[in-house]
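A.B. asks: make a model of this:
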Amino acid sequence: MKIGYSVEGSTDRAFIDGLRKLWCPHAELEEGRSDGDGENWQEVKQNELEYLPAERRQQVVFGVPDRNIECWICADPHWLAEQVGGDAQLFMNNNPKNAFQVALGIGRDKKEELISELVQRAPVHRWLVNRSFEDFYEQLRDCSQVHGCHIENLRDR
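C.D. replies: From the prediction side, this is the model:
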């Protein structure tokens with residue numbers, strides 16, 4: 001199974017790596033070109049899919065965050081604040097990237113392993129409130145059933 005993702009940096013890669021380790025450790029990661037950056041995530045996803053050969057489109061899943069991957073990670077701001085020792089209010093905005101980077105001390109050290117571990121421990125079922133994450137999760141779950149990865153049904157929680 002290949003997991004395609006639209007990426008702009010190390011936090012994106014670490015996020016996807018955390019989900020891969022959690023749900024499908026043998027999957028390969030395949031990078032796209034961009035995250036939503038405030039554009040309509042559905043349109044960005046469709047544009048990404050058009051770059052793939054038609055026969056591969058059913059084999060690849062693309063997740064496109066609303067603005068950036070931090071929008072997904074911060075979808076449960078209270079849990080995240082507990083993990084990083086921050087204030088949940090800081091993560092409650094439509095672009096929590098800066099607050100996230102400050103809370104984790106991201107600078108030259110991109111903290112990819114820490115981010116990957118956070119994602120692995122996260123209550124990802126609470127991230128379903130974010131529509132672009134929900135779409136990504138549904139694609140992953142559907143694809144996992146065809147390719148033999150076990151992704152739990154987060155809707156049962």
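
A.B. asks: need the strands for this structure, in chain order.
C.D. replies: With DSSP state E as the criterion, the chain has strands at 2-5, 28-31, 60-63.

A.B. asks: mean pLDDT for the ones you listed: which is lowest?
C.D. replies: Confidence, taken as mean pLDDT, is least for strand 2-5 of the strands of the chain (a mean of 65).

A.B. asks: quick check: longest helix of the chain.
C.D. replies: Ranked by residue count and defined by DSSP state H, the top helix of the chain is helix 131-147.

A.B. asks: of all the residues in it, which ones are buried?
C.D. replies: Ser132, Phe133, Asp135, Phe136, Tyr137, Gln139, Leu140, Arg141, Cys143, Ser144 (16 or more other C-beta atoms under 10 Å). To be clear about C-beta, it is placed using only N, CA and C from the backbone, and glycine gets the same treatment.

A.B. asks: quick check: the first one touching Arg67?
C.D. replies: It refers to Ser132. No: contact between Ser132 and Arg67 fails when scored by C-beta atoms under 8 Å: they sit 9.3 Å apart.
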